[in-house]
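Chemist: This is the structure alone, sequence omitted:
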């Protein structure tokens with residue numbers, strides 16, 4: 001990257017977990033190491049410091065004349081579609097002479113799938129993965145956005161087919177069914193005696209800890225089923241590489257998101273009220289871990 005390249009703003013969610021925030025900073029360091037000439041700004045939507053407004057103001061004060069925000073989001077939901085764009089809209093009002101662009105989510109990409117495959121390998125032996133009595137439960141955050149929830153189902157199927165798994169079950173730790181206990185119970189009823197649970201999260205935090213506690217509680221009630229919780233995706237160098245890919249797409253004007261099933265653009269049954277909802281330019285109003 002040249003010194004004239006737009007600054008890269010790493011948009012993190014933030015967490016009450018110090019370990020989760022530390023994961024964000026590890027990924028930020030990996031991005032900077034991979035592209036040392038690039039100006040990189042760092043900020044969070046909520047729950048951690050600095051906030052996005054402050055982070056943007058800092059990179060502008062350091063001389064940036066254009067900024068590309070890259071959301072550290074695996075699957076696009078409210079944070080991608082609302083909070084990130086709202087932060088850039090606020091920045092345009094404060095810095096009218098600065099150009100702003102927004103990258104797409106990390107999404108369903110081979111680099112992410114490769115990291116997830118490694119995490120599955122850490123949870124189950126090769127023999128267990130291919131056996132008919134073994135299953136993988138892939139656990140996402142969960143959302144009120146059906147598009148994001150559907151994408152986790154797609155990821156689970158892709159991993160099932162590309163990793164030689166007996167089968168893979170999607171689950172969510174909050175906001176959407178099936179829950180982690182429900183997915184484990186489905187695996188047991190279908191004959192699984194060995195289950196690997198993989199948190200589909202970039203960083204650790206409150207929800208990853210909740211997954212572990214839910215698995216422990218279910219396992220205690222079902223001792224005949226062996227359940228192992230694998231690692232979350234984490235600040236892997238392949239994720240850092242994908243962040244730079246998404247940045248390059250946005251710089252080139254090629255950040256093409258699939259909006260065919262976006263609840264803010266398409267009147268999906270039951271979600272018609274969300275079409276055309278205005279961005280919360282005053283700042284995020286939600287607050288969770």
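Modeler: Received it, and whenever you're ready, just let me know what you need. Given the structure is predicted, the values throughout are model-derived calculations rather than measurements. Residues are numbered from 1 along each chain as shown.

Chemist: Okay, buried residues for stretch 31-49 please.
Modeler: 31-32, 35, 38-48 (16 or more other C-beta atoms under 10 Å). All C-beta atoms are positioned from the backbone trio N, CA, C, and that covers glycine.

Chemist: Tell me the one of those nearest residue 124?
Modeler: Within those, the smallest distance to residue 124 is 30.5 Å, found for residue 31 (C-beta to C-beta).

Chemist: Assumed the closest one was part of a strand.
Modeler: No: per DSSP: H, G, I helix; E, B strand; the rest coil, residue 31 lies outside any strand segment and is helix.

Chemist: contacting residues for it?
Modeler: The neighbours of residue 31, taking C-beta atoms under 8 Å, 6 or more residues apart in numbering as the test, are 8, 10, 38, 40, 240, 243, 244.

Chemist: Quick check: phi and psi on the fourth one?
Modeler: Right, residue 40. phi -120, psi 120 (degrees, to the nearest 10).

Chemist: Distance of it relative to residue 160?
Modeler: Here residue 40 is placed at a distance of 36 Å from residue 160 (C-beta to C-beta, to the nearest Å).

Chemist: swap in the last one?
Modeler: Taking C-beta to C-beta as the measure, residue 244 falls 29 Å from residue 160.

Chemist: do the second one as well
Modeler: Distance check for residue 10 against residue 160: by C-beta to C-beta, it reads 31 Å.

Chemist: Which one's more surrounded, those two?
Modeler: A direct count of neighbours by other C-beta atoms under 10 Å for residue 10 and residue 160 places residue 10 higher, at 22 against 18.

Chemist: For that one, name its beta-bridge partners.
Modeler: Legend: beta-bridge partners of residue 10 under DSSP bridges are residue 42, residue 70.

Chemist: surely it meets residue 44?
Modeler: No: the pair residue 10 / residue 44 is not scored as a contact, 9.4 Å apart, by C-beta atoms under 8 Å.

Chemist: Any chance you could list residues touching both of those two?
Modeler: residue 24.

Chemist: Now for residue 236, how many residues are close by?
Modeler: Residue 236: 20 neighbours (other C-beta under 10 Å).

Chemist: what about it, distance to residue 206?
Modeler: Counting by C-beta to C-beta, the gap from residue 236 to residue 206 is 21 Å.

Chemist: do residue 14 as well
Modeler: Separation of residue 14 from residue 206 (C-beta to C-beta): 11 Å.
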